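Trainee: Turn this into a structure:
(2 chains, ligands or ions: 3)
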Amino acid sequence: MERLLEIKNLRTSFFTHVGEVQAVRGVSFHLDKGEAIGIVGESGSGKSITMMSVMRLLADNGKIVEGEILFEGRDLAKLPENEMQKVRGNEIGMIFQDPMTSLNPVLTVGDQLMEPLIKHKKMSKEEAFNRAVHMLELVGIPSPKSRMSQYPHEFSGGMRQRVMIAMALACEPKLLIADEPTTALDVTIQAQILELMKDLKQKINTSIILITHDLGVVADLCSRINVMYGGLIAETGTTRDIFYNPKHPYTWGLLNSVPNPKNLVKERLKPIDGQPPDLLKPPAGCPFAPRCQYAMRICMTQRPPLFEIGEGHKAACWLNHKDAPKVEAPIRRGDL
Amino acid sequence: MINYIIKRLVTSVITLFVVLTATFFLMHALPGGPFDNEKPLPPKIKANLEAKYGLNKPLYEQYVMYLKNLSRGDLGPTLKYEGRTVNEMIAYSFPASAKLGAVSIIFSLILGIYLGVVAALNQGKWQDRLVMVIATLGVTVPSFVIATLLMYVFSVKLRLLPSSGFAGPKYMILPALALSGYSLSFIARLTRSSLLDVIRQDYIRTAKAKGLSRNVVIYKHALRNALIPVVTYLGPLVAGVLTGSFVIEKIFAIPGLGREFVTSIGNRDFMLIMGTTIFYSTLLVVCNLIVDLLYAVIDPRIKLEA
Ligand SMILES: Nc1ncnc2c1ncn2[C@@H]1O[C@H](COP(=O)(O)OP(=O)(O)O)[C@@H](O)[C@H]1O
Ligand code: SF4
Ligand SMILES: [Mg+2]
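Mentor: Ligands and ions are numbered 1, 2, ... in the order given. Predicted structure coming up:
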């Protein structure tokens, strides 16, 4: 398979008056053409900042400190801003968490949909209009033509997220980054949006990076998963690896907090106890150590490398060292 | 929309009626009358004059008379300018005021928004600080002080611009600046804070993620939203410029309606006071209606409901 994106040792920091916030501390992963992968982790683990680094849309005080972001071989980390503008919305589309606030309230939906087409594809107003109508149809918005002249407040949350998807895919980007696209939506709408993304992935043949804090969301769409914690990759592998052979205590915690749809008795989610690390002064050892019930002495002082578990399956946990005590993953089996 | 406008017009007429009634009776409650000069008129002549203008009649009769004439669009004769009607006075002196007002409003909007945008886009840098200093002075220093300062610097010291009269565009610059000082500063601050708030919104991130250039992001996506609060300020802006012009016209000796209005009060020219009050109130009410309609145009979420 052909490589689309390869991130090598990405480090991104924010320089604030209290010091350097090391949001991403050396992340590497790749994505092939036509593939969909997930990035999973609790809030604050650096998922969004990793992808905002790819888009080069960091806040003014944010900076890519180190690393390469190879997109079809080009290093986006070093691309000048005007070149980057040709990538955004054209080769890489992005959608965000809150569809209620992600569309401009004073511009019509049609106008907002046509913008990237006119800018990147040099379409005439009429061509862009027709293409935009087609996109709305594709994302399942009824009577798309009359919807073009409406404003975002005339759409429901689910419909707005469909508009966002239509907008992000209008120029047929090679990559779609979806940052928690369903988090702000009702459960039934969530399922519809995920279904739509799966459907469009076939139709448009885009690669997808799906960011979520909920492992339950990625299983269906993604072939591989990166679990992030404290600005680092904790575990990476195929969806099968992560669900059936997880090798990191943090992944175990995430799996145990997935709501189980088959369970009739409403089970309370079990969030992992404790706080994520302070990225102003990240710990020298394993960032998960203060919350990890298996933590050993080495975990406090030395950062665990990514141990190779199998082909493409790696976990940054000392438990995978050949001399470490053997621990059984405490996962409730059979649910998943 | 049409229903809304009709409803607003009806309430406007009621408002105007209340204003004119209150003005009428308050004005007559003031001590003194139009013919009480420093050099008192002989009682006979004074009585004749009062009879001529119906001022000797009971107040309610005068009131009814006034309303009758008003319903025909007749604002009556002036009491101090022999042989001239109030309608003529307004027609004669309003154009100067209108020009001055229009120029001040344009100054306020263009300069105010421009300075606000410059400040916001350079947040924390010297441009921002400079704008904020000017804007803070502008809202705290009263217009007559600004007027005097401008006159001193540009007319007396530099001899660049005339300090009084109204004989061409260059006569307008100083009074318009003095008149717009407050609103210009207010708009600059409003635009700055509003734009700073808007550029942090999610939809601006979306616009950037579409690959739009910085200019399109700022001037199409951000500024339009940032200007919504500025539009809400247009009503007070117009009111401020109208009332501000009373003082400024007096200081710069501009033969405008504002100056006439101030003079008419001192003169107890009852007819001219009433006429200008009604005229200014109507203008204000109409401007406010236009502003509210404009508000709905710029912000599609606003529904004009009757
Ligand atoms: N503009 C900023 N200034 C300082 N710190 C920031 C900024 N943006 C994000 N961060 C920090 O970066 C870390 C990672 O954030 P993010 O990638 O958004 O997490 P998530 O995994 O929830 O998407 C967080 O600790 C956050 O506080
Ligand atoms: S390295 Fe140590 S502290 Fe970190 S997850 Fe593994 S066992 Fe826990
Ligand atoms: Mg996030």
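Trainee: mind listing the strands in chain A by residue range?
Mentor: Using DSSP state E, the strands assigned to chain A run over residues A:3-16, A:19-32, A:36-40, A:62-71, A:74-75, A:92-95, A:175-179, A:207-212, A:224-229, A:232-238, A:307-310, A:313-315.
Trainee: Now the fourth one: buried residues?
Mentor: When neighbours are counted by 16 or more other Cβ atoms under 10 Å in any protein chain shown, the buried residues of strand A:62-71 are found to be A:62, A:64-65, A:67, A:69-71. Yep, even glycine has a C-beta here, placed from its N, CA and C like the rest.
Trainee: Let me know the closest of these to ligand 1.
Mentor: Using Cβ to the nearest ligand atom, residue A:62 comes nearest to ligand 1 of the buried residues of strand A:62-71, at 5.7 Å.
Trainee: Might one say that that closest one is in contact with residue A:20?
Mentor: No - counting by Cβ atoms under 8 Å, residue A:62 stays clear of residue A:20, with 10.7 Å between them.
Trainee: Sketch out the helices for chain A, chain order is fine.
Mentor: A:47-55, A:81-87, A:109-120, A:125-138, A:144-147, A:157-169, A:187-204, A:215-218, A:239-244, A:249-256, A:297-301 (DSSP state H).
Trainee: Put together JSON lines for those, with mean neighbour count on each row.
Mentor: Formatted as JSON lines, the helices of chain A follow (neighbours: other Cβ atoms under 10 Å in any protein chain shown):
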{"stretch": "helix A:47-55", "mean neighbour count": "23"}
{"stretch": "helix A:81-87", "mean neighbour count": "15"}
{"stretch": "helix A:109-120", "mean neighbour count": "23"}
{"stretch": "helix A:125-138", "mean neighbour count": "18"}
{"stretch": "helix A:144-147", "mean neighbour count": "16"}
{"stretch": "helix A:157-169", "mean neighbour count": "24"}
{"stretch": "helix A:187-204", "mean neighbour count": "16"}
{"stretch": "helix A:215-218", "mean neighbour count": "22"}
{"stretch": "helix A:239-244", "mean neighbour count": "19"}
{"stretch": "helix A:249-256", "mean neighbour count": "23"}
{"stretch": "helix A:297-301", "mean neighbour count": "14"}
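Trainee: Compare these and give me the one nearest residue B:158.
Mentor: Evaluated over those, closeness to residue B:158 peaks at helix A:81-87, with 44.1 Å, by Cβ to Cβ.
Trainee: how about the CA coordinates for that closest one, as CSV?
Mentor: The C-alpha trace of helix A:81-87 is given here as CSV (Å, rounded to 0.1, in the frame of the first residue of the first chain):
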residue,chain,number,x,y,z
GLU,A,81,2.0,29.4,4.8
ASN,A,82,0.8,30.1,1.2
GLU,A,83,1.6,26.6,0.1
MET,A,84,-0.1,25.2,3.2
GLN,A,85,-3.3,27.1,2.2
LYS,A,86,-3.4,25.0,-0.9
VAL,A,87,-3.2,21.8,1.2
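Trainee: can you list contacts of it?
Mentor: Here helix A:81-87 makes contact (Cβ atoms under 8 Å, 6 or more residues apart in numbering or on different chains) with A:56, A:71, A:76, A:79, A:120, B:211-213.
Trainee: Can you find the residue of chain B that comes nearest to ligand 2?
Mentor: For chain B, Cβ to the nearest ligand atom, closest residue to ligand 2: residue B:205, 33.4 Å.
Trainee: can you tell me which of the strands of chain A comes nearest to residue B:264?
Mentor: strand A:3-16 (61.7 Å).
Trainee: Can you list the helices and strands that the closest one packs against?
Mentor: Contact here means 3 or more Cβ pairs under 8 Å, 6 or more residues apart in numbering or on different chains; DSSP states H and E; on that basis strand A:3-16 packs against strand A:19-32, helix A:47-55, strand A:62-71, strand A:207-212.
Trainee: Now with 7 Å, please.
Mentor: strand A:19-32, helix A:47-55, strand A:62-71 (3 or more Cβ pairs under 7 Å, 6 or more residues apart in numbering or on different chains; DSSP states H and E).
Trainee: between the buried residues of strand A:62-71, which is closest to residue B:60?
Mentor: Of the buried residues of strand A:62-71, the one sitting nearest to residue B:60 (Cβ to Cβ) turns out to be residue A:62, at 74.3 Å.
Trainee: surely that closest one meets residue A:11?
Mentor: No - with contact defined as Cβ atoms under 7 Å, residue A:62 does not reach residue A:11; the gap is 11.5 Å.
Trainee: Quick one, grab the pLDDT at residue A:333.
Mentor: On pLDDT, residue A:333 comes in at 54.
Trainee: before we move on, what about residue B:74?
Mentor: For residue B:74, pLDDT reads 92.
Trainee: can you list the domain ranges for chain A.
Mentor: A:3-222, A:228-320 (automatic domain parsing).
Trainee: For the chain, which element, helix or strand, carries the lowest mean pLDDT?
Mentor: Went with chain A since none was named. Lowest on mean pLDDT, DSSP states H and E among the helices and strands of chain A sits helix A:215-218, with a mean of 87.
Trainee: Correction: the question concerned chain B.
Mentor: Per mean pLDDT, DSSP H and E, bottom of the list for chain B is helix B:43-52, a mean of 84.
Trainee: That one: what's the following helix or strand?
Mentor: helix B:59-71 (DSSP states H and E).
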